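Undergrad: give me coordinates for this.
(one chain, ligands or ions: 1)
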Amino acid sequence: MGLDWLRDHSDPRVADALTRSCGICKAAPGEDCRHPWQGSDPLDRIVHVERCGELR
Ligand SMILES: [Zn+2]
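TA: Purely as a prediction, here's the structure:
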């Protein structure tokens, strides 16, 4: 199961996720997700998969 689409800004699931805030990292609507912990490696995706409503 690939999650490469989580790194694609043109994917509709990513665009949809960006319309709401993220419950994991508290990113505001329109903001890319970030690591919830300071000092971690950069996030390898634009949004957390949990932010994509259709996967809940
Ligand atoms: Zn997030």
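Undergrad: my read: Ile24 touches His35, true?
TA: No. Contact criterion Cβ atoms under 8 Å: Ile24 and His35 do not qualify, at 9.5 Å. (Glycine included, C-beta is placed from N, CA and C.)
Undergrad: for the residue of the chain most remote from its centre, what are its contacts?
TA: In the chain, counting by Cα atoms, centre = their mean, Gly39 sits farthest out from the average C-alpha position, at 18.4 Å. By Cβ atoms under 8 Å, 6 or more residues apart in numbering, the contact list for Gly39 is empty.
Undergrad: for it, give me the pLDDT.
TA: pLDDT recorded at Gly39 is 73.
Undergrad: that one: what secondary structure?
TA: Of the three states, Gly39 takes coil under DSSP: H, G, I helix; E, B strand; the rest coil.
Undergrad: point out the residues in the protein that sit beside the ion.
TA: Taking Cβ under 5 Å from the ion, the part of the chain that reaches the ion is made up of Cys22, Ile24, Cys25, Ala27, Cys33, His48.
Undergrad: name the nearest residue to the last one, ignoring sequence neighbours.
TA: Okay, so that is His48. Ile24 (4.5 Å; Cβ to Cβ, 6 or more residues apart in numbering).
Undergrad: and that neighbour, what does it touch?
TA: Ile24 neighbours (Cβ under 8 Å, 6+ apart): Cys33, Pro36, His48, Glu50, Arg51.
Undergrad: torsion angles phi and psi at it?
TA: For Ile24, the backbone dihedrals are phi -90, psi -50 (criterion: degrees, to the nearest 10).
Undergrad: and it, how far is that from Trp37?
TA: Distance, Ile24 to Trp37, using Cβ to Cβ, to the nearest Å: 11 Å.
Undergrad: same list (the contacts of Ile24) but as CSV, adding neighbour count, distance to Trp5 and secondary structure.
TA: Output for the contacts of Ile24, formatted as CSV (neighbours: other Cβ atoms under 10 Å; distance: Cβ to Cβ, whole Å; DSSP: H, G, I helix; E, B strand; the rest coil):
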residue, neighbour count, distance to Trp5, secondary structure
Cys33, 22, 14, coil
Pro36, 13, 22, coil
His48, 19, 13, coil
Glu50, 14, 15, helix
Arg51, 25, 13, helix
